[in-house]
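Asker: What shape does this take:
(chains A, B, C and D)
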2 protein chains.
Amino acid sequence: MSRQEEMEARLVEENYKITQPRRIILKTLLELQEKHFTAEEVYSRLRQEGAGVGLATVYRTLEVLCKIGILNSLNLDEESRCYELEDVDDHHHHLICLGCGEIKEFSDEMIKDFMKHIEDEYNYKVTDHLLKYYGYCSKCRQAGEGNEGGEEEISPK
Amino acid sequence: MSRQEEMEARLVEENYKITQPRRIILKTLLELQEKHFTAEEVYSRLRQEGAGVGLATVYRTLEVLCKIGILNSLNLDEESRCYELEDVDDHHHHLICLGCGEIKEFSDEMIKDFMKHIEDEYNYKVTDHLLKYYGYCSKCRQAGEGNEGGEEEISPK
DNA sequence: TTAGTAGCGAAATTTATTATCAGTAGGAGG
DNA sequence: CCTCCTACTGATAATAAATTTCGCTACTAA
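Answerer: A predicted model of the protein is given here:
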């Protein structure tokens, strides 16, 4: 079963219909080079390909895909919501360079212990978590300390 | 030196002027009951008190206060930006209940070790970080699993 | 084949935030 | 205590992301 077929099976499983626009959007998501993307990015990609899929439908579909766990929704920057394909075996977090905007990922094995501790202390059932580190990558640290001649600065948090 | 005076001193230190609107906003922030607040919340509080401070000024002032470290800017929910007064001795993160929206805080001592590890592995200089846990508090876990009769659900991430 | 409904695209709307701009006032220097 | 410069201000317009609306379409179960 292909990745696309798996996803469509998930939709059916959750009582959503397999429609042409949804098929096209799934296909596009699988083809995207970028690991992280916004609704607008998906939409403009679809326009390029001449698919007659509306922006509202993109938003609606991405929302559905999040609900059924095919996508994760992230807040990587303040401006607009990002999405990424969910990979069950690859829980990770983000390391964001304030100089050049580069985003690295790291796994979160160690964080899980801390989560257990939090669950006990506060009597919560934790279902999700988000960890982001902001800093400066090796390149940006060398390149002259003051962001001179560099790209836009990015604001943390 | 009062808290307000300290803050005004910070403004001067950073070459910002002490203006009437800024004084009023600082006073209001110190009086707020809520630990977390949005620009709109500050603004409506000011209106209630009859202070003739414009919305744009509130946004501008909160931005300035973030820049000089008097406030932290948080992304507790997707809709609008939250702020909190910075407390140097109390670094913490947030535990957010998806059922009722309750927000608890916990300190981040343990997270610091993990940060060191990340800095070494990726050759980053980490300057800031953000950790949020989403889950269900003890109350919401009892109250019938399906959010029946409860308030609005909140979306994670 | 048909009926009912989930889903659709286009456009309008909402909401948070930022930019604009003419006027004001803080405060350094006289 | 004045004066002047300019950072700052309030009102409002503009922007942009996301959501809602609405009449129409096309799945799918009978």
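
Asker: Give the buried residues for the lowest-mean-pLDDT helix or strand in chain A.
Answerer: Sorting the helices and strands of chain A by mean pLDDT, DSSP states H and E puts helix A:138-142 at the bottom, at a mean of 72. Within helix A:138-142, the residues that qualify as buried by neighbour count (16 or more other Cβ atoms under 10 Å in any protein chain shown) are residue A:140. In this view, the C-beta of every residue, glycine as well, is placed from N, C-alpha and C.

Asker: Next one: that helix, is it in contact with chain B?
Answerer: Yes - judged by Cβ under 8 Å from any Cβ of the partner chain, helix A:138-142 and chain B are in contact via A:138, A:141.

Asker: Report the buried residues of stretch A:38-57.
Answerer: A:38, A:39, A:41, A:42, A:43, A:45, A:46, A:53, A:57.

Asker: Quick check, the second one in contact with residue A:63.
Answerer: In other words, residue A:39. No - Residue A:39 lies out of contact with residue A:63 (Cβ atoms under 8 Å); the separation is 9.1 Å.

Asker: For the closest residue to residue A:22 other than its chain neighbours, the count of nearby residues, please.
Answerer: In space, and not counting its chain neighbours, residue A:22 is closest to residue A:61: 5.6 Å by Cβ to Cβ, 6 or more residues apart in numbering or on different chains. By other Cβ atoms under 10 Å in any protein chain shown, 23 other residues sit near residue A:61.

Asker: Wasn't residue A:61 part of a helix?
Answerer: Yes - under DSSP: H, G, I helix; E, B strand; the rest coil, residue A:61 falls within a helix.

Asker: so it touches residue A:23, yeah?
Answerer: No - using Cβ under 8 Å, residue A:61 is not in contact with residue A:23, being 10.2 Å away.

Asker: how about stretch A:32-44, does it get close to DNA strand D?
Answerer: Yes - interface with DNA strand D: stretch A:32-44 contributes A:38, A:39, A:40 (Cβ under 7 Å from any atom of the strand).

Asker: Mind listing residues that contact that stretch?
Answerer: A:25, A:28-29, A:45, A:53, A:55, A:58-59, A:62, A:74, A:76, A:80-84, A:103, A:105 (Cβ atoms under 8 Å, 6 or more residues apart in numbering or on different chains).

Asker: Swap in 7 Å and give it another go.
Answerer: A:25, A:28-29, A:55, A:58-59, A:62, A:74, A:76, A:80-84, A:103 (Cβ atoms under 7 Å, 6 or more residues apart in numbering or on different chains).

Asker: related to what we said a few turns ago, just list what the least confident helix or strand of chain A packs against, helices and strands only.
Answerer: The contact analysis (3 or more Cβ pairs under 7 Å, 6 or more residues apart in numbering or on different chains; DSSP states H and E) places helix A:138-142 against no helix or strand.

Asker: What parts of chain A come near DNA strand C?
Answerer: A:16-17, A:19, A:21-22, A:52-57, A:60-61.

Asker: ok, of these, which one's closest to residue A:2?
Answerer: Taking Cβ to Cβ as the measure, residue A:22 is the one of these closest to residue A:2, at 15.3 Å.

Asker: Check the gap between that closest one and residue A:64 for me.
Answerer: Using Cβ to Cβ, to the nearest Å, residue A:22 is found at 8 Å from residue A:64.
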